[in-house]
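J.: generate a structure from the sequence data that follows.
(chains A and B)
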Amino acid sequence: MQKNLLEKILNSNKIHFTFSEKNFIKESFDILSIFLPDIGKFFYEKFVKATKNSKSKFEAKNKFIDEVLMLRYPVSYTKIKKLKKYKIGLTLEFDENKLNLAEKDVKFIKNVVNKI
Amino acid sequence: MNRKTCFITKYQYGDFIVDLDEYVLSLATNCMFGCEYCYLKFSKITLEPVIYENLDKFEQEVTSLFSNSTQKVFYFNFGETTDSFLTAKHFNIITDAANIISQQAKKYDKSCFVELRTKTNNIFYFNKKICFENVKLIYATSLSPQVVIDRFEHGTVPIKNRIETLIFAEKLGFLTGLRLEPIIIYPIYGIEYKDVVFSVKNLIDNYQQILKTVLEKIDFKNIHSITISCLRLTKKQFKELKQKKSKLCFFEMFLCPDGKYRYSRPIRTTIYNGIIDFIRWTYPVLYKKILLSFEFDYIWRNCGLEIKSMVEVSSMVG
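T.: Residues are numbered from 1 along each chain as shown, chains lettered A, B, ... in the order given. Here you go, the predicted structure:
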């Protein structure tokens, strides 16, 4: 039942995913289902939300992937959004002292990435 | 059985990981416990625990190591490829190996520390005061919340017993090692942000409680080191555990620069700081004995820790 919901999302004509995006969504689904058996329902709700009022398949896709990233990485993804202007990778595994940034920026980054 | 490859190997921590300057002693292989995260389950090794008998080869390696190095202090880890106190034969090999190291250490003027790591309470059967010249034995045990032991460390003794063995080991003349590793987020109260925060705070509280219990009962001067490390999984482990739907595969885990999966950086540093700050403010004399195991230098710095190795900590113990 849960997997059926996932298939419905991935095969929908309201949204277009690349091959790697599909793989990311499937992997996120598999891992999250370990902790929440009815994760399919969550995903489907996010899908409906993303496709509603989106002007294009591309916009719908971006909204949906954003939701999946928030589900998959609830702590890190909020950090990434705060650090958007620094174009930092999602993993947050870097030495901020080696980023060639001003001291105030380094301090800001440290404050964001080292706390839950 | 005779060992064909080296008994003594320098620990390879992986790219960008702080080197703790340890040597692994492979005097025995494998273990019959069922710890779900153990790398031994994913390695090509014998199905039954094996103890190697050709200690003449071991002695040659010790001699070669000491004679070819200007290093004065050495740290050996016997608990990496097996549980150090798994059987009576393991006890015997510890004594034999320690004797060999002691003789060679005396000859080449070295000081040696040998870590014996266990999740058993078999030291109660060992029950023998030990003393080797130039060698100090460290009795180390993994201190995990009982709920984690029950779920992921099948067949091992409860945390209460592990703490009792530390007290007993002290009386036999061992130094002690407190090993807060691997730290596993469990139970997980949900997948939303607030649930993850709660799960992590609950974990930190559990570890603070364990430390409080242990540190009320053992002598600080005999504590060699406290190591802290969150769970890390190889790609192979992650893939297989995910297929088995193991709760070790936490959703917010990333593949790190050394090729291992770990909890995200904010989660790890929050956990580490929660434990380190507790020790720093409650038991300040122990702060200098804290090391992070298998972590990057930027994580050490962001936890306020000076980067140091097991050899450097050993030099403090004297």
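
J.: thought B:Ile184 was touching B:Ser229, still the case?
T.: No: distance between B:Ser229 and B:Ile184: 10.7 Å, which falls outside the contact criterion (CB atoms under 8 Å). Where you see a C-beta, it was placed from the backbone N, CA and C, and this is true even at glycine.

J.: show me which of those two is the more surrounded one.
T.: The residue with more neighbours, out of B:Ser229 and B:Ile184, is B:Ile184; 22 against 19, by other CB atoms under 10 Å in any protein chain shown.

J.: kindly list the main-chain dihedrals of the more buried one?
T.: With angles defined as degrees, to the nearest 10, B:Ile184 sits at phi -120, psi 130.

J.: now it: how far from B:Trp300?
T.: Counting by CB to CB, to the nearest Å, the gap from B:Ile184 to B:Trp300 is 21 Å.

J.: enumerate the positions of stretch A:17-33 that are buried.
T.: By neighbour count with 16 or more other CB atoms under 10 Å in any protein chain shown, stretch A:17-33 contains the buried residues A:Phe17, A:Glu21, A:Phe24, A:Ile25, A:Ser28, A:Phe29, A:Asp30, A:Ile31, A:Leu32, A:Ser33.

J.: what does that stretch rub up against?
T.: A:2, A:6, A:9-10, A:39-40, A:42-43, A:61, A:65, A:68, A:71-72, B:191, B:242, B:245, B:249, B:251 (CB atoms under 8 Å, 6 or more residues apart in numbering or on different chains).

J.: ok, 6 Å please
T.: Applying CB atoms under 6 Å, 6 or more residues apart in numbering or on different chains, the contact partners of stretch A:17-33 are A:Leu6, A:Leu10, A:Ile39, A:Val68, A:Arg72, B:Ile191, B:Cys249, B:Phe251.

J.: then stretch B:165-182?
T.: B:37, B:115, B:121, B:123, B:129-130, B:136-140, B:142-143, B:217-218, B:222-229, B:231, B:293.

J.: only whichever of the residues you listed are buried, select them in PyMOL.
T.: The PyMOL selection below is limited to those of the contacts of stretch B:165-182 classed as buried (16+ other CB under 10 Å):
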select buried, chain B and resi 37+115+121+123+130+136+137+138+139+140+142+143+218+222+223+224+225+226+227+228+229+231+293
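
J.: out of the contacts of stretch B:165-182, which sit inside helices?
T.: B:Ile123 (DSSP state H).

J.: could you list which of the contacts of stretch B:165-182 belong to strands?
T.: Counting by DSSP state E, the contacts of stretch B:165-182 place B:115, B:136-140, B:142, B:223-229 in strands.

J.: just these now: which is nearest B:Arg151?
T.: B:Ser142 (14.1 Å; CB to CB).

J.: distance of B:Tyr75 from chain A?
T.: 26 Å (CB to the nearest CB, to the nearest Å).

J.: before we move on, what about B:Ala97?
T.: 38 Å.

J.: whatever helix or strand that residue lives in - contacts with which helices or strands?
T.: Per DSSP states H and E: B:Ala97 is located in helix B:88-108. Secondary-structure packing of helix B:88-108 (3 or more CB pairs under 6 Å, 6 or more residues apart in numbering or on different chains; DSSP states H and E): helix B:55-67, strand B:135-142.

J.: what's the angle from it to strand B:135-142?
T.: 140 degrees (axes from the mean of the first three to the mean of the last three CA atoms, to 10 degrees).

J.: between helix B:55-67 and helix B:88-108, find me the angle.
T.: Going by the same axes, to 10 degrees, helix B:88-108 makes 40 degrees with helix B:55-67.

J.: in helix B:88-108, what counts as buried?
T.: Residues of helix B:88-108 classed as buried by neighbour count (16+ other CB under 10 Å): B:90-91, B:93-94, B:97-98, B:100-105, B:108.

J.: using CSV, list the CA coordinates for the helix or strand harbouring A:Glu21.
T.: For A:Glu21, the enclosing helix or strand under DSSP H and E is helix A:19-35. Output in CSV follows, covering the C-alpha atoms of helix A:19-35 (Å, rounded to 0.1, in the frame of the first residue of the first chain):
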residue,chain,number,x,y,z
PHE,A,19,16.7,9.4,-12.8
SER,A,20,18.9,10.4,-9.8
GLU,A,21,16.0,12.4,-8.2
LYS,A,22,13.9,9.3,-8.4
ASN,A,23,16.7,7.2,-6.8
PHE,A,24,17.0,9.8,-4.0
ILE,A,25,13.2,9.7,-3.4
LYS,A,26,13.2,5.9,-3.3
GLU,A,27,16.1,5.7,-0.9
SER,A,28,14.6,8.3,1.4
PHE,A,29,11.3,6.4,1.3
ASP,A,30,13.1,3.1,2.2
ILE,A,31,15.1,4.6,5.1
LEU,A,32,12.2,6.7,6.5
SER,A,33,9.9,3.6,6.3
ILE,A,34,12.1,1.9,8.9
PHE,A,35,11.1,4.6,11.4
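
J.: what's downstream of it, the next helix or strand?
T.: Per DSSP H and E, the helix or strand that comes after helix A:19-35 is helix A:39-51.

J.: other SSEs contacting the next helix or strand after that following helix?
T.: Tracing the chain past helix A:39-51, the next element assigned as helix or strand by DSSP H and E is helix A:57-72. Applying 3+ CB pairs under 6 Å, 6+ apart, one finds that helix A:57-72 makes contact with helix A:19-35, helix A:39-51.

J.: want to throw those into JSON lines with mean pLDDT?
T.: Rendered in JSON lines, the data for the helices and strands packed on helix A:57-72 read as follows (pLDDT from 0 to 100):
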{"stretch": "helix A:19-35", "mean pLDDT": "95"}
{"stretch": "helix A:39-51", "mean pLDDT": "93"}
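
J.: tell me the domain boundaries of chain A?
T.: Following automatic domain parsing, one gets these domains for chain A: A:2-72, A:77-113.

J.: comparing those, which comes out most buried?
T.: Neighbour counts (mean count of other CB atoms under 10 Å in any protein chain shown) averaged over each of the domains of chain A peak at domain A:2-72, with a mean of 16.

J.: so how far is it off the chain centroid?
T.: 10 Å (CA atoms, centre = their mean, to the nearest Å).

J.: go on, stretch A:103-116?
T.: 21 Å.

J.: quick check, it touching chain B?
T.: Yes: with CB under 6 Å from any CB of the partner chain as the measure, stretch A:103-116 is seen reaching chain B through A:Val113, A:Asn114, A:Ile116.

J.: get me the contact residues on chain B for chain A.
T.: Residues of chain B lying near chain A (CB under 6 Å from any CB): B:188, B:191, B:193, B:196-197, B:200, B:245, B:249, B:251-252, B:254, B:256-257, B:264-267, B:269-270, B:298, B:302.
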